[in-house]
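Peer 1: One predicted model, sequence on top.
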Amino acid sequence: MNFNQAVELIAKSSRIVGFTGAGISTESGIPDFRSPNGVWANNRIIEYQEFISSRAGRIEYWRQKVAMWPEMRDAQPNAGHLAFAELERRGKLLAMITQNIDGLHQRAGNKNVIELHGTTVEAECLTCGARISMDEAVKRVEDGDPAPECDYCGGLLKPATISFGQAMPALAMKAAVEASQNCEVFLAVGSSLVVYPAASLPEMAKQSGAALIIINRTPTPLDGIADLVLNEEIGKALPLLIGMTVG
């Protein structure tokens, strides 16, 4: 499939699934986690078990989150996010699946967003599920509470993201699988496609008869089964692909 055929396919399709990884958010200035200069290269990873069992682990986890929050909070959706929002506005998007935790798809205008790795926009009590905004949680840490607890039940407050060793959100995964098996076009954008189970979704879509289009700056392990691979800047390639006038 060439680029023009892909444009035509997207124009005709009413069942498109969008799938995004860190690459779409780096174009909004959010550093990714896996690169040599990424978040994990410069911080000790606090796994879920350490978070729940060690106060020192929780303090370090919150220290990292507080340091990262201003960049995450102030980032703005880019042309790639806006392209997916436009697909939804046109009634073409079955679901917007993301591995990202930054909330930029919602801020761009997408309503049906499936967050596989949770969100950093809120903090959640691990005991009762109560949520507060990340702004409020960060303020509590900055005001001298280095490992905040729930005001309602005294449980541990944690950013509502999925940490290593923490179970994937079952409902989100179920919805993502369903959408992937029922789409006509699967647009995988800005993902290295190495993190499972998320990386199984494009494979599922392909096995169910969908066209697979990958936009990523670098090659991925699934390029071989894709109908079209674009190693280009997302903010330029995606709007063109969906027939969106830029500028």
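Peer 2: Happy to help now that I have it.
Peer 1: Report all helices and strands that the longest strand seen in the chain contacts.
Peer 2: Ranked by number of residues, the top strand in the chain under DSSP state E is strand 118-125. Contacts defined by 3 or more CB pairs under 8 Å, 6 or more residues apart in numbering; DSSP states H and E place strand 118-125 against helix 55-74, strand 131-133, helix 134-142, strand 157-161. Bear in mind the C-beta positions are built from the backbone N, C-alpha and C, glycine included.
Peer 1: buried ones in the third one?
Peer 2: In this case it means helix 134-142. Going by neighbour count (16 or more other CB atoms under 10 Å), the buried part of helix 134-142 is 134, 137-138, 140-141.
Peer 1: If I take it and strand 157-161, what angle do their directions form?
Peer 2: 140 degrees (axes from the mean of the first three to the mean of the last three CA atoms, to 10 degrees).
Peer 1: which other residues reach helix 134-142?
Peer 2: With CB atoms under 8 Å, 6 or more residues apart in numbering as the test, helix 134-142 has contacts from 62-63, 65-66, 69, 73, 120-123, 148, 157, 159.
Peer 1: Now flag whichever of the residues you listed is closest to E232.
Peer 2: T120 (27.6 Å; CB to CB).
Peer 1: rewinding a little: dump the helices and strands packed on strand 118-125 into a markdown table; add distance to A11 and mean pLDDT as well.
Peer 2: Formatted as a markdown table, the helices and strands packed on strand 118-125 follow (distance: least, CB to CB, whole Å; pLDDT from 0 to 100):
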| stretch | distance to A11 | mean pLDDT |
| --- | --- | --- |
| helix 55-74 | 34 | 94 |
| strand 131-133 | 39 | 97 |
| helix 134-142 | 38 | 97 |
| strand 157-161 | 36 | 96 |
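Peer 1: and among the ones you listed, the most buried is which?
Peer 2: Among the helices and strands packed on strand 118-125, ranked by average contacts under mean count of other CB atoms under 10 Å, first place goes to strand 157-161 (a mean of 22).
Peer 1: Work out the sheet partners of that one and label each with its direction, please.
Peer 2: Here strand 157-161 is paired, per DSSP bridges, with strand 118-125 (antiparallel).
Peer 1: who touches the partner strand?
Peer 2: 65, 68-69, 72, 101-103, 130-134, 136-137, 148, 150, 152-153, 155-162, 169.
Peer 1: Render the CA-only coordinates of that strand in CSV, please.
Peer 2: What follows is strand 118-125, C-alpha atoms only, in CSV (Å, rounded to 0.1, in the frame of the first residue of the first chain):
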residue,chain,number,x,y,z
GLY,A,118,-3.3,5.0,33.5
THR,A,119,-3.0,8.8,33.9
THR,A,120,-0.7,11.1,35.7
VAL,A,121,-3.3,13.8,35.7
GLU,A,122,-4.8,12.4,39.0
ALA,A,123,-3.6,10.5,42.1
GLU,A,124,-5.6,7.5,43.3
CYS,A,125,-6.0,5.9,46.7
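Peer 1: any chance of the helices and strands packed on strand 118-125 in a markdown table, with distance to S25 too?
Peer 2: A markdown table is the format used below for the helices and strands packed on strand 118-125 (distance: least, CB to CB, whole Å):
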| stretch | distance to S25 |
| --- | --- |
| helix 55-74 | 9 |
| strand 131-133 | 20 |
| helix 134-142 | 16 |
| strand 157-161 | 14 |
